Each structure stands twice: as C-alpha cells, then as structure tokens.
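Q: sequence and predicted structure below; questions after.
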Amino acid sequence: MVEDERPLDRAYGDGDATYQACGGEAGIQQLVETFYEVMDTLPAARRIRAMHPTDLQLSIDKLVCFLCGWTGGPKRYAERFGPIQIPRVHSHLPVGEVERDAWLLCMKHALVEQPFRDDLKRYLLEQLFVPAERIRRVVEAREAEGAG
C-alpha cells in the first residue's frame, strides 16, 4: 500500500489488516530484505550482524515467515519451522538493551524505505518492541540464573 491519508477499513492488529497494509507476503519480503541490507551496513548493527550466519537466506526466510503470521497473514513460520518460540530460540544469544535497540534501529531504517503509511510504520515499530524486549528479558534471566 502506498502511503496516503485514507483511513483503514480495520485497525492494525484486527485480523489480517496489518498484513494487507504491508502489501502481503511480497511487501513483508521486501521489508525483511531491506532490514538485512541495513544490518549489513549500519555500524550500530555490527554486533547483531555477527550473531547471524554469513549467508542470511535462512534468517531472511524465517523472519518473513514469522512476520507474515505475526501481522495476521498466513502462519508460514509454523508451516515450515514448527511452533514459534521467539525468546527460547534466541536465548543462547547475548541480547541486551544495546542489541535489542540495534535490531529495532535496523527495522526503523528498513521501514523508512518501504511505501507503507507512516502510521503503519509507527505501529510496527511499537509492536516489534514487544518480542524484542521479551528476548532481552529471557536472556537476562538466563544470565542471572547462571550467575547465581
């Protein structure tokens, strides 16, 4: 969807409204590819880029699949990779506030380049903070257990 001021028929988060507003799977694919391009070039993202494999194709596929379902579209992640367990899957990584914020900064930069409405961009960043913070908290709790 090209940015404009038309009101949505449904609020983001209502059914597949967010998925549709992103342009479906093709729009999400473009967002994710841009996200990883940003991660490859943004100095603030060096630490989180180092947590990923050299070949990003599987990371791209997994994030596209996750975001499709997360935005109310097809449950691609569960279809291809099984149940979504975001904090557990990332619990082995050293994710603190710096890494969480770097991930969100990459997404913010990627969203700027998308033809999404400004209110959708804000909504996505606000909502993506939630799983990013959950990952950070699980890692923090794991580290606290190890120190205790």
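A: Yep, that arrived.
Q: I'd like the distance between the residue nearest the centre of the chain and I86.
A: Closest to where the C-alpha atoms of the chain average out (CA atoms, centre = their mean) is L128, at 6.0 Å. According to CB to CB, to the nearest Å, L128 stands 11 Å off from I86. For every residue, glycine as well, the C-beta is placed using N, CA and C.
Q: so which helix or strand of this protein has the lowest pLDDT on average?
A: Ranking every helix and strand in the chain by mean pLDDT, DSSP states H and E puts helix 86-90 at the bottom, with a mean of 87.
Q: residues contacting that one, please?
A: Outside helix 86-90, the residues that touch it by CB atoms under 8 Å, 6 or more residues apart in numbering are F66, P131, R134, I135, R137, V138, V139.
Q: take those residues and lay them out in CSV including distance to R122, pLDDT and neighbour count.
A: Listed next are the contacts of helix 86-90 as CSV, based on distance: CB to CB, whole Å; pLDDT from 0 to 100; neighbours: other CB atoms under 10 Å:
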residue, distance to R122, pLDDT, neighbour count
F66, 20, 97, 20
P131, 17, 94, 17
R134, 20, 94, 14
I135, 21, 94, 21
R137, 23, 93, 13
V138, 26, 90, 17
V139, 27, 84, 20
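Q: of those residues, which is the nearest to M107?
A: P131 (11.2 Å; CB to CB).
Q: tell me the contacts of that closest one?
A: P131 touches I86, P87, counting by CB under 8 Å, 6+ apart.
Q: circling back to that earlier point, next secondary structure element downstream of the least confident helix or strand of the chain?
A: Taking DSSP states H and E as the definition, the helix or strand that follows helix 86-90 towards the C-terminus is helix 97-112.
Q: quick one: distance of the following helix or strand past that following helix to the chain centre.
A: Following helix 97-112 in sequence order, the next helix or strand is helix 118-147 (DSSP H and E). Relative to the chain's own centre, helix 118-147 is displaced by 10 Å; criterion: CA atoms, centre = their mean, to the nearest Å.
Q: the closest residue to D119 other than its chain neighbours - how many residues pack around it?
A: Closest residue in space to D119, ignoring its immediate chain neighbours: Y12 at 7.8 Å, by CB to CB, 6 or more residues apart in numbering. Applying other CB atoms under 10 Å, we find 21 residues neighbouring Y12.
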